[in-house]
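[1] Fold the following and give me the result.
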Amino acid sequence: MSTPPPRSSYVTTVLAGIGMLACVYLAALKLLNIPCPLTGCWSIINSRYGSIYGIPLPLMAIPLWVALAYPVTRAWEGYVQLGSALFLAVGGLVLMGIQFFVLKGFCPFCTLHAAAAVLVAIFLPLRGRAHPWLPSLILALALPVFLSVKELAEARVQSWDAPGYSSALPMIPKATNAAKTGKPVSASVSTMISLQANVDGVAFSWLGDIDVEQSPILVVSFQCPHCLDLLARTVAQPHFGSFKGPKVLLFSSPENLADTSALLAAILSQPGTPQEQFNAVFKQLGVLFSPLVTSDSKELRSRLGTLFPHYTDKLKDARLLLDSQAAALRYVPGRGTPFLLQADGSGKYDVSPSDLLFP
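    Next up, the predicted model:
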């Protein structure tokens, strides 16, 4: 195997620049918990294949791209550079296979990154490395990219105030427009009183016993990868089962209502306390994750039928509970999931397990 020639190439520089920018953009989507404006990206990068030990794959790929611009002065450095290019190409192809055949989705930026990686593996040995100024340029662009992405899409993921989302119960006043801005979210005293009156009777105590006065309100969606990850990490906390938890409300868009009802029915079909019921189902999250986030209803029902044979007995109860929660959600001033409305009326989207459990 020959080492790459020491010269620099604008072709390699452009391809490496595309790869680095794609990594920065996808890392911003994942780290800031915001949706991609193009359909598909969000579900792909937030799948269980999008990170290793909590580190987003796009971040792990950036040092490999940077290596392609490193000036080669020794033979072994050339091999490292070529190895980085080959690793990016092979990794990109493997992830494309997962994207299309496992997750059955399409992320344009993930695909662009993979294409750049394959092409750079071809052009690096033929034309030369990327110019050494490229990493500095990308570093200078990283913060503007992060800020732009944050401005363009403030924690989506789905809105329970959207047209077509309604419950079987009478309409309850919607959150004010001021509550839907990208500014810090908060609720008025009157809204919090209305919330307490409407939420306490229908909220789930899946993550711990509820303190009527102190427990925050957590809004999640079973089709939201961030929500599923947050719930799974919370269940894995050492204090889960002994600490108090939030009042959990479920959001489901009309097209996902059947899937949400099915998983909720599976939880209700399990014996034990609400925490034990929830834990029994979420232990199987690895099996259920893909059909949930890709809205593969047929596969989801097949897997639920295998794991929880009696879940269909609870479908009616599940739908009634979702209708009741839909009414309570009308008071919540957030606009996406996961969303945490704290006892003092302040709200946030960047939710961690430590925000949910308390003594």
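[2] contacting residues around residue 209?
    244-245 (C-beta atoms under 8 Å, 6 or more residues apart in numbering). Yep, even glycine has a C-beta here, placed from its N, CA and C like the rest.
[3] again, but for residue 311
    The contact partners of residue 311, taken as C-beta under 8 Å, 6+ apart, are 262, 265-266, 269, 304-305.
[4] any idea which element the nearest residue to it once chain neighbours are set aside lies in?
    In space, and not counting its chain neighbours, residue 311 is closest to residue 266: 4.1 Å by C-beta to C-beta, 6 or more residues apart in numbering. Secondary-structure assignment from DSSP states H and E places residue 266 in helix 257-268.
[5] again with residue 122
    Counting by DSSP H and E, residue 122 is part of helix 108-127.
[6] in the stretch 201-350 of the chain, which spans are helices?
    225-235, 257-268, 274-282, 285-293, 297-307, 315-329 (DSSP state H, counting those that start in this stretch).
[7] got a markdown table for those helices, with mean neighbour count and distance to residue 56 too?
    Shown next, in a markdown table, are the helices of the stretch 201-350 of the chain (neighbours: other C-beta atoms under 10 Å; distance: least, C-beta to C-beta, whole Å):
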| stretch | mean neighbour count | distance to residue 56 |
| --- | --- | --- |
| helix 225-235 | 21 | 12 |
| helix 257-268 | 21 | 26 |
| helix 274-282 | 19 | 22 |
| helix 285-293 | 18 | 16 |
| helix 297-307 | 15 | 26 |
| helix 315-329 | 19 | 30 |
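[8] how about JSON lines for those, with mean pLDDT and distance to residue 115 added?
    Below are the helices of the stretch 201-350 of the chain laid out as JSON lines (pLDDT from 0 to 100; distance: least, C-beta to C-beta, whole Å):
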{"stretch": "helix 225-235", "mean pLDDT": "87", "distance to residue 115": "24"}
{"stretch": "helix 257-268", "mean pLDDT": "95", "distance to residue 115": "32"}
{"stretch": "helix 274-282", "mean pLDDT": "94", "distance to residue 115": "36"}
{"stretch": "helix 285-293", "mean pLDDT": "85", "distance to residue 115": "24"}
{"stretch": "helix 297-307", "mean pLDDT": "93", "distance to residue 115": "29"}
{"stretch": "helix 315-329", "mean pLDDT": "90", "distance to residue 115": "41"}
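[9] Among those, which comes closest to residue 48?
    helix 285-293 (5.8 Å; C-beta to C-beta).
[10] what helices or strands is the closest one leaning on?
    If contacts are counted by 3 or more C-beta pairs under 8 Å, 6 or more residues apart in numbering; DSSP states H and E, helix 285-293 sits against helix 225-235, helix 257-268, helix 297-307.
[11] Any idea which helix or strand in this protein has the lowest mean pLDDT?
    When each helix and strand of the chain is scored by mean pLDDT, DSSP states H and E, strand 185-186 comes last, with a mean of 51.
[12] still on that earlier bit, from the contact counts, what lies against the helix holding residue 122?
    helix 10-31, helix 41-45, helix 75-97.
[13] packing partners for the next helix or strand after it?
    Next in sequence after helix 108-127, counting helices and strands by DSSP H and E, comes helix 134-152. The contact analysis (3+ C-beta pairs under 8 Å, 6+ apart) places helix 134-152 against helix 10-31.
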